[in-house]
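# the sequence and its predicted three-dimensional model are supplied below.
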Amino acid sequence: MAITPNYYETLYVTRPDLQEEALATIQNKLQDSISTNQGEVIKAEKWAERPLAYEIQDHKRGIYYILVFKALPDASKEIEKHLQFYNTDILRFMTLKITEEAANKSKASQEEKAPKAEPTPAPKVEEPKANLKLKNLKLKK
Amino acid sequence: MDSRRDKRYFSKKKVCKFCTEPIDMDYKNVDLLSRFISDRKKIVPRRNSGLCAYHQRQLATTIKRTRFMALLPYTVLH
C-alpha cells in the first residue's frame, strides 16, 4: 500500500527577541523538508504574540507561529527534528495530525484575513505527534 | 416526608455544551478552554463542567496540549 500524504498542523513558539534572519533560516528549513516530502504548505503565518502562561528559559513572552501543511509522514518527523535543533530559539513546538476539512478551513480563514485576530478554526485533532512532556512537571510544595 | 421534600428541589438538566453547540474543541482557543479550569488552574470535573463523558475526555487532552504550549498554566505556583 502506498503511503499517502497527511495533513498536519505545527504550532511553535519563538523567543520574542529572535532576529528576522534567524527566523527566516528556520522557516526555510521547514519549507524544504515539506517540499522534499511531496508536500505543500497550506498556511504559514504568525498566530500571536502573547505572554507565556509560565516562564520558559527565563522568557516571559513568546511569538506563536502556525504552519499547516500536507505532506508524507516523514515530513513531520523532519520538521520536529529541525525545531528541536534550534531549541534555544524555539521554546515549544507541537505537531498534530488534522483532518482535511480542518486544513481547508484554515486555508479559507487565511484568505479571508478577517480584520480581528479570530482564533483559527478548530482543527479536529486526531492524534498527538508531539512528545508531551507533561509528566515532567514538578510542583513545589 | 422525604418524598415531599424531594419535590421542592428542581434539578436543571445539564446538557453538554459541545454536544448542543457546533463548537470545535481546539487547543488554541484559550478563551473557551479557560472557562473549564478552576481558580487553582485545575481541570474542572464533569459534575461542574456539565460535559458528557466523551467531550470531557476530549477537553482534558485539549487542555493538556494548551498547557504544554504555555497558553494556560499548569498551576498557580508558576
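Arrived safely. Residues are numbered from 1 along each chain as shown, chains lettered A, B, ... in the order given.
# who's in contact with the lengthiest helix in chain A?
If you go by DSSP state H, chain A has its longest helix at helix A:20-35. The contact list for helix A:20-35 (Cβ atoms under 8 Å, 6 or more residues apart in numbering or on different chains) reads A:10, A:14, A:40-41, A:44, A:65, A:67, A:69, A:71, A:75, A:78-79, A:82-83, A:86, A:89-90. From N, CA and C alone the C-beta is placed, and that goes for glycine too.
# and A:Glu80, how many neighbours does it have?
19 (other Cβ atoms under 10 Å in any protein chain shown).
# that one belongs to a helix, doesn't it?
Yes. Under DSSP: H, G, I helix; E, B strand; the rest coil, A:Glu80 falls within a helix.
# need the pLDDT of the nearest residue to it once chain neighbours are set aside.
Excluding the flanking residues, the one nearest A:Glu80 by Cβ to Cβ, 6 or more residues apart in numbering or on different chains is A:Thr95, at 6.0 Å. A:Thr95 carries a pLDDT score of 92 in this model.
# so which residues of chain A form strands?
For chain A, the strands defined by DSSP state E cover A:6-14, A:40-56, A:59-71, A:90-98, A:125-128.
# pick the most buried one from those.
Burial of the strands of chain A is given as mean neighbour count (mean count of other Cβ atoms under 10 Å in any protein chain shown); strand A:6-14 ranks first at a mean of 23.
# is chain B within reach of that one?
Yes. Applying Cβ under 8 Å from any Cβ of the partner chain, one finds strand A:6-14 touching chain B at A:Leu11, A:Val13.
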